[in-house]
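In: A predicted structure for the sequence below; I have some questions about it.
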Amino acid sequence: MKYEMIHTCIRVMNLKKSELFYQQAFGFEIVRRLDFPDQKFTLSYLRNPGGTFELELTWNHDRTEPYEMGSGYSHLAVGVKDLVQSHKQHEAMGLRPKPLKGLAGGEPKFYFISDPDGYLVEVVKA
């Protein structure tokens, strides 16, 4: 039996701010938005152009307290060919990426950046 990754969901406090972050930082596009006003939540699906895997942002309208991130270092990951230029771009955007890192002290292969809700995104050299 074959399974395909479809989407991952994160819960956000400010839908517009989160959508803008993923659009500006990674070039994601909103492919659809489903609004459920009676149930007080909205789902926004984003993906990179030409991609199929989606990031689902869930906004619960009446949520007032930030979500707990936990201690498991969970994160999303995106790939980019020019890791150093990407890091410089995110710095110039004021997104405060973490330093470039390599495994076991090797050459830089990745860095992390936080979205508006504190979710980590790993940017990996593709």
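Out: Perfect, thanks for sending it. Numbering: from 1, shown residues only.
In: who touches the biggest helix by length in the chain?
Out: Scanning the chain for the longest helix, with DSSP state H as the assignment, gives helix 15-26. Residues outside helix 15-26 that contact it (C-beta atoms under 8 Å, 6 or more residues apart in numbering) are 12, 28-30, 42, 44, 46, 48, 55, 57, 59, 78, 90, 93, 95, 113, 115-117, 121. Where C-beta positions appear, they are placed from N, C-alpha and C, glycine not excepted.
In: show me what Trp59 is bridged to.
Out: Taking DSSP bridges as the rule, Trp59 bridges to Val12, Thr42.
In: so who does the closest residue to Phe41 other than its chain neighbours touch?
Out: Excluding the flanking residues, the one nearest Phe41 by C-beta to C-beta, 6 or more residues apart in numbering is Asn60, at 5.0 Å. The contact partners of Asn60, by C-beta under 8 Å, 6+ apart, come to Arg11, Lys40, Phe41.
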